[in-house]
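Peer 1: I'll drop the sequence and a predicted model, then ask my questions.
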Amino acid sequence: MRDGIEVARQDRAVVALVTEQFWPQGDFVAQSNGMPDVPRLRLPHPVAGSGHDAMDVLAARIAPELVAILRGERTGDNVPIGA
């Protein structure tokens, strides 16, 4: 979240990727840094250690969402991917 907020403050397109387990912490960090609307996507937890195949599947699932957010065609998540 902090990296995403820093990039957003530089007026650059950004999407923070936050796993379900850390979503509440991400909300807190975004609020406390004055950027509650920084674009985010909610990912399943855990992502790390899930293996290359699982990462490929997840990347394929979220890529269209990332592109849409970066293009301004949709706002950040606050709806879980795949829900």
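Peer 2: Okay, I see it.
Peer 1: Now do the helices in the chain.
Peer 2: Here the chain has its helices, by DSSP state H, at 2-9, 23-32, 52-70.
Peer 1: Determine the set of other helices and strands touching the first one.
Peer 2: The reference is to helix 2-9. strand 16-19, helix 23-32 (3 or more CB pairs under 8 Å, 6 or more residues apart in numbering; DSSP states H and E). The C-beta positions use only the backbone N, C-alpha and C, and glycine is treated the same way.
Peer 1: Could you dump the helices of the chain into a markdown table and include distance to A16, mean neighbour count and mean pLDDT?
Peer 2: As requested, the helices of the chain are exported to a markdown table (distance: least, CB to CB, whole Å; neighbours: other CB atoms under 10 Å; pLDDT from 0 to 100):
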| stretch | distance to A16 | mean neighbour count | mean pLDDT |
| --- | --- | --- | --- |
| helix 2-9 | 3 | 15 | 94 |
| helix 23-32 | 7 | 15 | 93 |
| helix 52-70 | 10 | 13 | 92 |
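Peer 1: Of the ones you listed, which is nearest V15?
Peer 2: Of all the helices of the chain, helix 52-70 sits nearest to V15, with 5.0 Å by CB to CB.
Peer 1: And for that closest one, what's in contact with it?
Peer 2: 13, 15, 17, 39, 41, 43-44, 47, 50, 74-77, 81-82 (CB atoms under 8 Å, 6 or more residues apart in numbering).
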